[in-house]
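[1] Okay, here's the prediction I keep looking at, along with the sequence it came from:
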Amino acid sequence: MLVNQQNNFAFSNHVCNLVVLYVCGMCLALFMSCTDPKTLASDSELIPPLSINHEHRGAFLGVWGRNFNPNSEKVWFVGGEVQSANESHSLIASYTQNSAIPQGILQLEHEQVGGVLWWAWGDQKDQVWAAGEQGTILRATQSTDLSQWTQESLMMADEAKEKLIIWGLWGTQVEKENDEAYTQVWAVGGSVRRGGPKGVLLKRNQQGQWTRVLNNFLPIESADDPLQGTNLYKIWGTQNEVWLIGEGSLVLKAHLQVSETGLDLVDWEKQTLDSERPELLFTISGMPSTEQAGSELSPWIVGGYAQGKAWYWGQNQWKQLDLPQVPSLNGIAVSQDLIVASGQQGLVLAWPNKASGQLSQSIEQQWVQGAESMTLHSIWPNTEGKFWIVGGDLSTMQTGVIIGPQAWQNDASALQVQVW
């Protein structure tokens, strides 16, 4: 089912174009249930009392990080802001922890005029990517110091590129015989603008060039029909399988196959989602390796139109989790012991990492103090099982929030925050 957001809303400026998915297009989710949704569990054990200690210039939509060693962690936060006259800036901040600064320092790392960044992903070596509006894809070589970000080439016509929003990134390492291993990366996206590209899947080559992948399973746009096509919001996979999700309960699955050009996606199939009606599917994630958690625990999907929904992959099918009535969910992260989801109105949910839909009594929820008007958009778990959560006010794109693992442990030193 195609979600025709353009028929329901008039996008007269950059701000409306940017936030249609999470504000205009989700106005039905801004509701109050029969009971007060702001009631907190008094005996919460999974989620500590969370609150916002620092607000930042610009909203953050994606987070990704990596440990250099047990005592050195670096995390990137990508997003942007809309300034006067609707001029937008992309922003990349970073958190660095090392032996010299045990509590870590949070600072602005990169800024440029242009489209807001929506997602970040990095490999297990030294590379990290950020992508977003206007077909922007940035790459940096990972460093404990400030990284140098450079723009990579997107092989698309300028008009299509200008309308393209890249909402998701994911990749995996390619092992080739008699050749050095390298990282194969894909990106997914679409457009909220009339005539913009839909069902976009991009593939990166070793020279840093991105080209569009076409396949009969991908719901692309049509020059003859402005209503044709479906946006893809995220991509995630394991060593063998890759999932793509998007509008209208769209779930596509493909397998990885080594070729002369790297890794290809083959044996495509469209999967059925356990849902009463078509849903917006925002984020898919799971354990980094299915060998660690077992196929029954990976992956999870979150989204929802009128209220938050979650689905898990078990016994070769997608099953819906029995959630309490909450606003739409945007982010999800999976650790060895805990699954954490986040969404509108500063909502955070947590439940044990078990492959079962009968978890209603174990699901805990909190409304982050100070984030009542914000969407908590993305989550990344560190190696200690603590979580980074980012978001902001997506209606203005001028105020953002970063919640660190320090919020999950009372004995940790506070972050050093550079004001930007």
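    Looks like it came in fine.

[2] can you pull out the strands in the stretch 101-250 of the chain?
    In the stretch 101-250 of the chain, the segments counted as strands under DSSP state E, counting those that start in this stretch are 105-113, 117-122, 127-132, 137-141, 149-151, 153-154, 165-174, 182-190, 200-204, 209-212, 232-237, 241-246.

[3] Switch those strands over to a markdown table; also include mean neighbour count.
    C-betas here are computed from N, CA, C, even on glycine. What follows is the strands of the stretch 101-250 of the chain, written out as a markdown table (neighbours: other C-beta atoms under 10 Å):
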| stretch | mean neighbour count |
| --- | --- |
| strand 105-113 | 17 |
| strand 117-122 | 26 |
| strand 127-132 | 26 |
| strand 137-141 | 19 |
| strand 149-151 | 14 |
| strand 153-154 | 18 |
| strand 165-174 | 22 |
| strand 182-190 | 24 |
| strand 200-204 | 24 |
| strand 209-212 | 16 |
| strand 232-237 | 25 |
| strand 241-246 | 24 |
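
[4] With mean pLDDT as extra columns, can I get these in a markdown table?
    Shown next, in a markdown table, are the strands of the stretch 101-250 of the chain (pLDDT from 0 to 100):
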| stretch | mean pLDDT |
| --- | --- |
| strand 105-113 | 93 |
| strand 117-122 | 97 |
| strand 127-132 | 96 |
| strand 137-141 | 94 |
| strand 149-151 | 94 |
| strand 153-154 | 97 |
| strand 165-174 | 95 |
| strand 182-190 | 95 |
| strand 200-204 | 97 |
| strand 209-212 | 98 |
| strand 232-237 | 97 |
| strand 241-246 | 96 |
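
[5] To Ala93, which of those lies closest?
    strand 105-113 (5.2 Å; C-beta to C-beta).

[6] Helices of this protein, residue ranges please.
    Secondary structure of the chain (DSSP state H): helices at 14-19, 158-163, 290-293.

[7] rewinding a little: redo the strands of the stretch 101-250 of the chain as JSON lines? Include distance to Ile220.
    Formatted as JSON lines, the strands of the stretch 101-250 of the chain follow (distance: least, C-beta to C-beta, whole Å):
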{"stretch": "strand 105-113", "distance to Ile220": "29"}
{"stretch": "strand 117-122", "distance to Ile220": "20"}
{"stretch": "strand 127-132", "distance to Ile220": "19"}
{"stretch": "strand 137-141", "distance to Ile220": "19"}
{"stretch": "strand 149-151", "distance to Ile220": "25"}
{"stretch": "strand 153-154", "distance to Ile220": "16"}
{"stretch": "strand 165-174", "distance to Ile220": "15"}
{"stretch": "strand 182-190", "distance to Ile220": "9"}
{"stretch": "strand 200-204", "distance to Ile220": "8"}
{"stretch": "strand 209-212", "distance to Ile220": "9"}
{"stretch": "strand 232-237", "distance to Ile220": "10"}
{"stretch": "strand 241-246", "distance to Ile220": "12"}
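
[8] how about these, which one is nearest Gln416?
    Closest approach to Gln416 among these (C-beta to C-beta): strand 105-113, 4.3 Å.

[9] Direction included, what does that closest one pair up with?
    If you go by DSSP bridges, strand 105-113 pairs up with strand 88-96 (antiparallel), strand 416-417 (parallel).

[10] Mean neighbour count, these: which tops it?
    Most buried of these, by mean neighbour count (mean count of other C-beta atoms under 10 Å): strand 88-96, with a mean of 24.

[11] For that strand, what does the pLDDT average out to?
    Averaged over strand 88-96, pLDDT sits at 94.

[12] Tell me what angle it forms with strand 127-132.
    Orientation check (axes from the mean of the first three to the mean of the last three C-alpha atoms, to 10 degrees): strand 88-96 against strand 127-132 gives 150 degrees.

[13] Quick one: distance of strand 88-96 to the chain centre.
    Centroid separation for strand 88-96 versus its chain: 15 Å, with C-alpha atoms, centre = their mean, to the nearest Å.

[14] hmm, back to that, reformat the strands paired with strand 105-113 into CSV and put distance to Lys319 next to each item.
    Formatted as CSV, the strands paired with strand 105-113 follow (distance: least, C-beta to C-beta, whole Å):
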stretch, distance to Lys319
strand 88-96, 35
strand 416-417, 41
